[in-house]
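**Q** output the structure for:
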Amino acid sequence: MGTDSKPKESSGKGKGKQAASGADDGASKGKGKGGKSSDAKGKINEAYKKLQDGWLSNGDKVPPAEFAKIAAEYSECPSGKKGSDLGWFPRGKMAGPFQDVAFSTPIGATSAPFKSTHGYHIILCKGRKN
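**A** Here you go, the predicted model:
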């Protein structure tokens, strides 16, 4: 959920484990017109509000299990059924904005909602390995 301000790694070879939830706005798949994008934006903002109300407004980090519950409830991505855990991936595997946010979100932190070519996302960065 897609959740961000994680420090960039100095090496271009780093890998990050990201759990992310996205609400697909349909634009990248050519589905729907008009209202679908605003529905997806409203849905991602609602999910983020739940995260804020539960943890982020208190300065707390969202527990991965709680992030997964919200992802399962709100995500329209196939990964949503498994709590939107995308596993480990290297730089260069994910598209532009998604990769930028994933590798700039601090470990343990949750990103703000953002849009990529695949929809809206919030990222919870679980860790990185070299």
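**Q** which residues does stretch 54-62 contact?
**A** For stretch 54-62, the external contacting residues (Cβ atoms under 8 Å, 6 or more residues apart in numbering) are 51, 63, 66, 108-110, 124. (Glycine included, C-beta is placed from N, CA and C.)
**Q** endpoints of that stretch, how far apart?
**A** 8 Å (Cα to Cα, to the nearest Å).
**Q** again with stretch 76-87
**A** End-to-end for stretch 76-87, by Cα to Cα: 18 Å.
**Q** got it, and stretch 69-78?
**A** Across stretch 69-78, the terminal residues are separated by 14 Å (Cα to Cα).
**Q** packing partners of the longest strand seen in the chain?
**A** Longest among the strand segments of the chain by residue count, using DSSP state E, is strand 119-129. Under the contact definition 3 or more Cβ pairs under 8 Å, 6 or more residues apart in numbering; DSSP states H and E, strand 119-129 sits against strand 15-23, helix 35-54, helix 64-74, helix 96-102, strand 114-116.
**Q** could I get the ones you listed as CSV with mean neighbour count?
**A** Output for these, formatted as CSV (neighbours: other Cβ atoms under 10 Å):
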stretch, mean neighbour count
strand 15-23, 26
helix 35-54, 16
helix 64-74, 19
helix 96-102, 19
strand 114-116, 19
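**Q** turn these into JSON lines, columns for distance to residue 87 and mean pLDDT.
**A** As requested, the helices and strands packed on strand 119-129 are exported to JSON lines (distance: least, Cβ to Cβ, whole Å; pLDDT from 0 to 100):
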{"stretch": "strand 15-23", "distance to residue 87": "7", "mean pLDDT": "39"}
{"stretch": "helix 35-54", "distance to residue 87": "21", "mean pLDDT": "87"}
{"stretch": "helix 64-74", "distance to residue 87": "13", "mean pLDDT": "92"}
{"stretch": "helix 96-102", "distance to residue 87": "12", "mean pLDDT": "92"}
{"stretch": "strand 114-116", "distance to residue 87": "18", "mean pLDDT": "93"}
